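Visitor: Predicted model and sequence below, questions to follow.
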Amino acid sequence: MLLSIETSCDETAVSVICLDSFKAAARDTDTYLKSDLIASQTELHTAYGGVVPELAAREHIANLPSLIAEALQQAGISLEEISAVACTRGPGLKGCLLVGLSFAKALALARGLPLIPVHHIEGHILAGELLPEAERPKYPFLTLVVSGGHTMLVLVESFRSYRVIASTRDDAAGEAFDKGATLFGLPYPGGPALSRAAEGGDSSAFAFPVGVPGDPNSFSFSGLKTAVQRVVIGLGAEAKEEKTVQNLSASLQHSIIEALVKKSNQAVESFSPKSFLLTGGVAANKELRARLKREMEKRGVQFSVPPYRWCTDNAAMIGVVAASIWEKTEQDFKGWNPTPGKELGPSAPIAVGARAKWPIAELFADEC
């Protein structure tokens, strides 16, 4: 049994995976995913209009013990039956990462269990493994990871072989959604609120820019945020009228999606993948899902997207990465004996620390 912890931002998440069931050829989540819990902090941060890192970290401290107890109970096991502990090491908010990593390190050290530190973006990339077998992306595949903190296109040639094709020069797409929602007076969390408002709007009402259209290797959303702010200031009181808010929301959403879809199409044409995976928090956007699905079908490329709960931050995806590592290197784990003061696992030195900034290209760097 594998216990996984995710605390990279404002969601406290815990899952339990049966490693033996995970190794089955036709594995499915109903068989190997024994529990999958998320404690949301949305209500806590609503008053501030965004995540307050210090408050988020404190909430993780309060949530983790009871959430782990509940996850074990739901899985029908005791702590003594856990074989390994996985957690998110980075990237993310440093204080939040430290809570989950410190808890996992202490638990692993106390019980002599191997620790498996996981890259948060790799979790999103492998979230497609949580889908039914027929819907899982096939290697090589392209992944669009799009969230409040990340926007990138990654070519996945095989397990743990990642090549970043395009990334943002400045802000992430999710941040542009949230900034627009704030300017339009929409409630927190901004992205979902803006998408709901956009359903009643005209996407051609305002002509917002699509960042760096001539560069297939880059996204950019900072200029878009500035353009939206100028339009809102120019509209004055009209910017708060319901129909105007709907039109602004639809136009902003259209601009963001155009940028994401255009670069995705260019990458597909350049690399001819077998599948295309949409993942990350913004993957919950219905319009983005629909557009990319149509585009991939036109190109004969399988389109995959996890269910909503596995697009946002969750421990199941972290567990899938750790379980896959265990599966590929099982003998390393079974032959590992704890060495006090030296290491917490075959690839986890005792000094392993949280990495707030951790490019996926540095996945195998030895930095503690």
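Guide: In hand now; what should we look at? Residues are numbered from 1 along each chain as shown.
Visitor: Doesn't C87 lie inside a strand?
Guide: Yes - membership of C87 in a strand is supported by DSSP: H, G, I helix; E, B strand; the rest coil.
Visitor: What is the burial count for the closest residue in space to it that isn't next to it in sequence?
Guide: Nearest in space to C87, with sequence neighbours left out and distances taken as C-beta to C-beta, 6 or more residues apart in numbering, is A104 at 3.7 Å. Every C-beta, even on glycine, is put in place using the N, C-alpha and C of the backbone. For A104, the neighbour count with other C-beta atoms under 10 Å is 28.
Visitor: Go ahead and confirm A104 touches A86.
Guide: Yes - contact criterion C-beta atoms under 8 Å: A104 and A86 qualify, at 7.3 Å.
Visitor: Can you pull the residues that touch both of the two?
Guide: Residues touching both A104 and A86 (C-beta atoms under 8 Å, 6 or more residues apart in numbering) are I5, L115.
Visitor: tell me which element the residue nearest to C87 falls in.
Guide: helix 94-111 (DSSP states H and E).
Visitor: buried sites along that helix?
Guide: Buried residues in helix 94-111, counted by 16 or more other C-beta atoms under 10 Å: 94-105, 107-109.
Visitor: go on, stretch 199-214?
Guide: Buried residues in stretch 199-214, counting neighbours by 16+ other C-beta under 10 Å, are found at G201, S203, A205, F206, F208, P209, V210, G211, V212.
Visitor: and that stretch, how far from the chain's centre?
Guide: Centroid separation between stretch 199-214 and its chain, computed with C-alpha atoms, centre = their mean, to the nearest Å, is 25 Å.
Visitor: for the residue nearest the centre of the chain, what are its contacts?
Guide: Centroid-nearest residue in the chain, with C-alpha atoms, centre = their mean: G280, separated by 4.0 Å. When contacts are counted by C-beta under 8 Å, 6+ apart, G280 touches H124, L144, V145, V146, S147, H150, G174, C311.
Visitor: For V14, which three-state class applies?
Guide: Assigned by three-state DSSP, the conformation of V14 is strand.
Visitor: From A127, how far off is the nearest residue to it once chain neighbours are set aside?
Guide: Once flanking residues are discounted, V14 sits nearest to A71: 4.4 Å by C-beta to C-beta, 6+ apart. Between A71 and A127 the computed distance is 19 Å (C-beta to C-beta, to the nearest Å).
Visitor: okay, those two: which has more neighbours?
Guide: A127 (29 against 22).
Visitor: Return the residues in contact with the more buried one.
Guide: Neighbouring residues of A127 by C-beta under 8 Å, 6+ apart: L277, T279, P306, W310, C311, N314, A316, M317, V320.
Visitor: still on that earlier bit, okay but the residue nearest to V14 is in contact with L3, surely?
Guide: Yes - when contacts are counted by C-beta under 8 Å, A71 is listed as touching L3 (7.4 Å).
Visitor: Most neighbours among the contacts of G280, which one?
Guide: With neighbours set by other C-beta under 10 Å, the maximum within these is found at H124, which has 32 neighbours.
Visitor: Now it. Nearest residue, chain neighbours left out?
Guide: T279 (4.5 Å).
Visitor: Now do the strands in the protein.
Guide: Assigned by DSSP state E, the chain shows strands spanning 2-6, 11-17, 33-40, 84-90, 115-119, 141-146, 151-158, 161-168, 218-219, 275-279, 302-304, 343-345, 348-349.
Visitor: Including mean pLDDT and distance to L260, could those go into a markdown table?
Guide: A markdown table is the format used below for the strands of the chain (pLDDT from 0 to 100; distance: least, C-beta to C-beta, whole Å):
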| stretch | mean pLDDT | distance to L260 |
| --- | --- | --- |
| strand 2-6 | 98 | 24 |
| strand 11-17 | 97 | 23 |
| strand 33-40 | 96 | 25 |
| strand 84-90 | 97 | 24 |
| strand 115-119 | 97 | 22 |
| strand 141-146 | 98 | 6 |
| strand 151-158 | 97 | 8 |
| strand 161-168 | 96 | 10 |
| strand 218-219 | 96 | 8 |
| strand 275-279 | 98 | 9 |
| strand 302-304 | 98 | 14 |
| strand 343-345 | 92 | 37 |
| strand 348-349 | 92 | 35 |
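Visitor: Now distance to N63 too, for those strands, in JSON lines please.
Guide: Output for the strands of the chain, formatted as JSON lines (distance: least, C-beta to C-beta, whole Å):
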{"stretch": "strand 2-6", "distance to N63": "11"}
{"stretch": "strand 11-17", "distance to N63": "4"}
{"stretch": "strand 33-40", "distance to N63": "5"}
{"stretch": "strand 84-90", "distance to N63": "14"}
{"stretch": "strand 115-119", "distance to N63": "19"}
{"stretch": "strand 141-146", "distance to N63": "25"}
{"stretch": "strand 151-158", "distance to N63": "28"}
{"stretch": "strand 161-168", "distance to N63": "30"}
{"stretch": "strand 218-219", "distance to N63": "33"}
{"stretch": "strand 275-279", "distance to N63": "24"}
{"stretch": "strand 302-304", "distance to N63": "31"}
{"stretch": "strand 343-345", "distance to N63": "23"}
{"stretch": "strand 348-349", "distance to N63": "24"}
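Visitor: which one of the ones you listed lies closest to G49?
Guide: Among the strands of the chain, strand 33-40 comes nearest to G49, with 16.2 Å by C-beta to C-beta.
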